[in-house]
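# 3D model of this:
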Amino acid sequence: MRFPPPTLLVALCHSQQQAQQVQERLAAWLAPRGLTFNQDKTTVVHLDDGLDFLGFGVRRYRGKLLIKPSKAAIRRVKKRLAEEMRRLRGSNVQAVLATVVPIVRGWSAFYRGVVSKQVFTSLDDHMWRLTYKWATYTHPNKPRSWVIARYYGRFHPARHDRWKFKSLHRCRWRSGSGSSSAFLRCSRNDLTASINAASGV
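Residues are numbered from 1 along each chain as shown. You can find the predicted model right below:
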């Protein structure tokens, strides 16, 4: 006999009484199929208190329902990035970028459709601390000014973020010669979330 994988359901209701009725109706529908609710994981909560669902936090703030990356998801990605940066000690900057950039790009793309601007900015700050710690560990005898000049700077002349972590200090954009790669900032990937939050979607 094959059993279906665990299924997660969220039902938004107008009242606690309605939520309990929906739960009873779903339980009656599942019973003939040999399925039951996991009572340890089935709860009725108020939207003002919020709930986590598949990595998203759903909560009502001052009468407006907002969906954000959950706190648990934020902790997981920060822990993973910290572990990767520790593992990359002794590696060159190209290896760091090749490992970390896909993680940040994928995570920010997954959450860019919800309200995530503050979370992305916090993750950018977290990654700056990790990369700076990696750089100072790689060059323990170099002064702070040397480390900053070696690994940070403006990656694109049209942008003013001079704290970009990158593989080359000087990027020859005008001549087209030379190549460089820089760390992706999460906050550059929050366009959809910013538009949704501003428009009240």
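
# and the host helix or strand of residue 76, average pLDDT?
For residue 76, the element it lies in under DSSP states H and E is helix 71-87. Mean pLDDT, helix 71-87: 95.

# Following element in sequence after it, please.
The C-terminal neighbour of helix 71-87 among helices and strands, as given by DSSP H and E, is helix 93-111.

# In this structure residue 77 contacts residue 127, no?
No. In this structure, residue 77 is not within contact of residue 127 by Cβ atoms under 8 Å, at 10.1 Å. C-beta: built from backbone N, CA, C; applies to glycine.

# quick one, domains of this protein?
Following automatic domain parsing, the chain resolves into domains at 16-69, 71-199.

# picking that back up, report the inter-axis angle for the helix holding residue 76 versus helix 93-111.
Put simply, helix 71-87 runs at 170 degrees to helix 93-111, going by axes from the mean of the first three to the mean of the last three Cα atoms, to 10 degrees.

# which residues touch helix 71-87?
With contact meaning Cβ atoms under 8 Å, 6 or more residues apart in numbering, helix 71-87 is reached by 52, 55-57, 96, 99-100, 103-104, 107, 111, 119, 122-123, 126-127, 130-131, 133-134.

# can you pull the buried residues of that helix?
73, 74, 77, 81, 85 (16 or more other Cβ atoms under 10 Å).

# Same list, those residues, but as CSV with distance to residue 34 please.
Formatted as CSV, the buried residues of helix 71-87 follow (distance: Cβ to Cβ, whole Å):
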residue, distance to residue 34
73, 32
74, 37
77, 37
81, 42
85, 47
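
# Residue 65 belongs to a strand?
Yes. Counting by DSSP: H, G, I helix; E, B strand; the rest coil, residue 65 is found in a strand.

# Hmm, it is touching residue 48, no?
No. Applying Cβ under 8 Å, one finds residue 65 not in contact with residue 48, separated by 10.3 Å.

# Mutual contacts of those two, please.
Joint contacts of residue 65 and residue 48 (Cβ under 8 Å, 6+ apart) are residue 59.

# Show the average pLDDT along stretch 92-103.
Stretch 92-103 carries an average pLDDT of 88.
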